[in-house]
Structures are given as C-alpha cells and as structure tokens.
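**Q** sharing a sequence plus its predicted fold:
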Amino acid sequence: MKRLYVISGVTGMTGNELVRQILTDGAEDKIIGFDNFYASSIDTVKDRIDDERFAFFEYDLNNEEQMRAVEELAASEKDKYEELVYINCAAVVHTEHFYHVYETFETNVKGMNSFLEQAVRVGAQKYINCSTSEVYSMNSWNETGGVKEDDYITMADAEHSQRTSYAVGKLLTEFFLKDAVDAGKIKGCSIRFANVYSRNERFPKHIIPFIINSFKNEGKVVLLENSRKNRRTFLNNYDSCSAVLALVNTDTALDGTIYNVATDEEISIIDLAELCARMMGIENPVIEFSGYRQSDPERRLLSTEKIRTRTNWSPRVDLEKGLKECIRNYLAGSES
C-alpha cells in the first residue's frame, strides 16, 4: 500500500529510524517530517535528507503557523496516496526533562492533541501515539511475566516527585487518542515503549550512552544509588520502530487501545555497566554511586503478549548485539 506519513519529532530516536524503515529501496511512500532539534540533530537523518520522498522541515510542534503549513502540505499531497498516516514521536524526553512540568505539558499533551486534531481535519486514516512505560510508575512489573496494558496503575504524585508529571501527561494523551477512535474519527493506538536505545545516539542522556561515554572519557561511571537495586529491559529502536509499522499494517489492532513494546531481557544496571565495560575492553571497571532519584521503580518488566498476539511483531535485536553496535558507533563518532 502506498502511504503518506506525517511524522513529528522525526530526527529523534524513534522518528529517524522510522525514516529508514519506511523509505526502503523501491518504496513509493513519502514522509513529511519535522523536528525542532530539542533533543536531537539533523545528523540522525543525514543519510535520507536528500531523498525526494522525504520532505523535512525544522518546525516546532507548538508553533501554530508552522503546523498550519504541515497541514496544508499533507492536504495537498494526500490524494496521491492510498493512506495518510500520522505518527506522533515528538516529546520532551530524557530523564533530566521529566521534572519540567510546563515544557512536558506543552509538547507532550497540548502538542500531541493538536497534532491529533490536525490528523482528523486533514482526513488521515491512522494515528499512532508514542507514549511511554513511565505511565506504569510504581507498578512497572509483576511476578507473572510483566505488567499488562489493562493492569491497574499506582502512580507517584507531586508529594513524591515532579518526575511523574511526565507520565501523567503521556497517560492523558492515551485518553485523547481513545476518545477519537471511539468517536469514529480515526483509527489508531498508543504505544508504551520501555527504555528505548539507539545505535546512533550521540548525546549521553540515556543510561546506555551515558555509561559508554563515562567509561571512555572519565575511566569510570557514576551511577545513582538507585542503581544498586534497579533492573530494566532495553529495547533497540530498530525494534520499537518495527512495532510502530507492524501496528500501522494491522487495521484490527488500531482500536484505540494501548500496546506495550519491550523485550524480556531484564538486566541490573550494575550488570549493564559491567557488560559495557567488558565490550570496551575494560577490566575491573570502576563503578561509583552518588545521588538518588525519587519515585524510581526497582524494576520495569512489561508483558508484550498483546502486540505479539495481534500483530506479527517480535523483537529482533538482542541486548548483546545492540550494545556492540552502540559502542562501536559511539566510539567511532567520538573519534571523527
């Protein structure tokens, strides 16, 4: 099927990989993509920026004039394609930004809903809302194979930490999307990603590039005190993006509900640091601890039974392979 995609946050971790997976050799699809480079760079799509099937704009999701331009372009192009699909990847993300209540609300909540309203106005058939596993807050795991999408949630509130404002905002976007689907305005779903990482990360904001960067430049890594207990699963962005496209290709799954996208490879943060060190050829790595993060769940283990059952998706990049790519690319990039 020949599709026109409109993608916000297109140079971010999810967006830039979607560009590569959509614009394969011979594909007739087209992408209208934009980003304001809040936490990314044009470098992430430099291998596709000259592709005539990719129309990129340095636009801000919160700029009304720029969003009108996106809407007008999508409206003028959509009749050339069999489907128009909106994918919202824009988000004020990275842990350091979780505490910025106004910024996260403006982009993650108001911006998402405005983008959804645009999709409905322009006549898009589908809308994929990229949410987050942070929504699970203090109920991020259970003992029966991982927390499920319909499990009840216990969230930390402002008495515990401002961090949860990020999760609350993302949770609200899931209600916007469900309401639009239930009203028959559009097909779509929300996706709760768990700890996504990329082989192309250049900024040491997430834990994996932070560990690699610390060992390379400091000869040690300083982790939060929480890391003495914390365990996580890590999802390569190749797999997060293939999940997005698996849902786009499965109309019956676009019922307004939520899909967990994660892996089952749980690892402690300490073991993760030691594994990175070994792959970097570092013996007896120095790991120190300083600082503490409130409302940080000890584990994050999600059930992916729902998306595996309803689509043909399953993760393809295991942690060892993904880390090797991260380390190789990060070190090569820092030397160039």
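**A** Looks like it arrived, so ask away.

**Q** could you list the low-pLDDT ranges of the stretch 51-200 of the chain?
**A** 92-98 (pLDDT under 70).

**Q** now do the helices in it.
**A** Per DSSP state H, counting those that start in this stretch, the stretch 51-200 of the chain carries helices over the ranges 64-77, 101-104, 112-122, 164-182.

**Q** closest one to Val222 among those?
**A** Among those, the nearest to Val222 by Cβ to Cβ is helix 164-182 (23.4 Å). C-beta here means a position set from N, CA and C on the backbone, and glycine is covered the same way.

**Q** so what touches that closest one?
**A** 91-93, 97-99, 101, 104-105, 108-109, 112-113, 116, 120, 127, 129, 131-132, 134-137, 153, 155-158, 186-190, 254-258, 295 (Cβ atoms under 8 Å, 6 or more residues apart in numbering).

**Q** which of those residues count as buried?
**A** 91-93, 97-98, 104-105, 108-109, 112-113, 116, 127, 129, 131-132, 134-137, 155-156, 186-190, 254, 256-258, 295 (16 or more other Cβ atoms under 10 Å).

**Q** nearest residue to Gly145 in space, ignoring adjacent ones along the chain?
**A** In this structure, Gly145 finds its nearest non-sequential neighbour in Ser303, 5.5 Å apart by Cβ to Cβ, 6 or more residues apart in numbering.

**Q** count of residues packed around the one you found?
**A** Neighbour count of Ser303, defined by other Cβ atoms under 10 Å: 19.

**Q** residues touching it, list them.
**A** Counting by Cβ under 8 Å, 6+ apart, Ser303 makes contact with Gly145, Gly146, Val147, Lys148, Glu149, Asn260.

**Q** the fifth one contacts Thr257, correct?
**A** In this case it means Glu149. Yes - assessed by Cβ atoms under 8 Å, Glu149 is found in contact with Thr257 at 6.9 Å.

**Q** distance between stretch 32-44 and the chain's centre?
**A** Centroid separation for stretch 32-44 versus its chain: 14 Å, with Cα atoms, centre = their mean, to the nearest Å.

**Q** ugh, typo on my part, it should be stretch 76-91
**A** 19 Å.

**Q** what's the answer for stretch 174-191, then?
**A** Put simply, stretch 174-191 sits 19 Å off its chain's centre (Cα atoms, centre = their mean).

**Q** enumerate the positions of that stretch that are buried.
**A** 174, 176-178, 180-181, 185-191.

**Q** and of those residues, the nearest to Ile269?
**A** Of those, the one sitting nearest to Ile269 (Cβ to Cβ) turns out to be Ile191, at 24.1 Å.

**Q** quick one: the residue nearest to Ser40 when sequence neighbours are not counted and Arg328, what's the gap?
**A** Spatial nearest neighbour of Ser40, chain neighbours left out: Thr11 (4.2 Å); criterion: Cβ to Cβ, 6+ apart. Separation of Thr11 from Arg328 (Cβ to Cβ, to the nearest Å) stands at 22 Å.

**Q** more neighbours, those two?
**A** Higher neighbour count among Thr11 and Arg328: Thr11, with 26 against 12, using other Cβ under 10 Å.

**Q** helix, strand or coil for the more buried one?
**A** coil (DSSP: H, G, I helix; E, B strand; the rest coil).

**Q** OK, contacts around the closest residue to Val261 other than its chain neighbours?
**A** With Cβ to Cβ, 6+ apart as the criterion, Val261 has its nearest non-adjacent residue at 4.4 Å, and that residue is Ala243. Ala243 makes contact with Ile191, Tyr259, Val261, Ile307, Thr311, Trp313, according to Cβ under 8 Å, 6+ apart.
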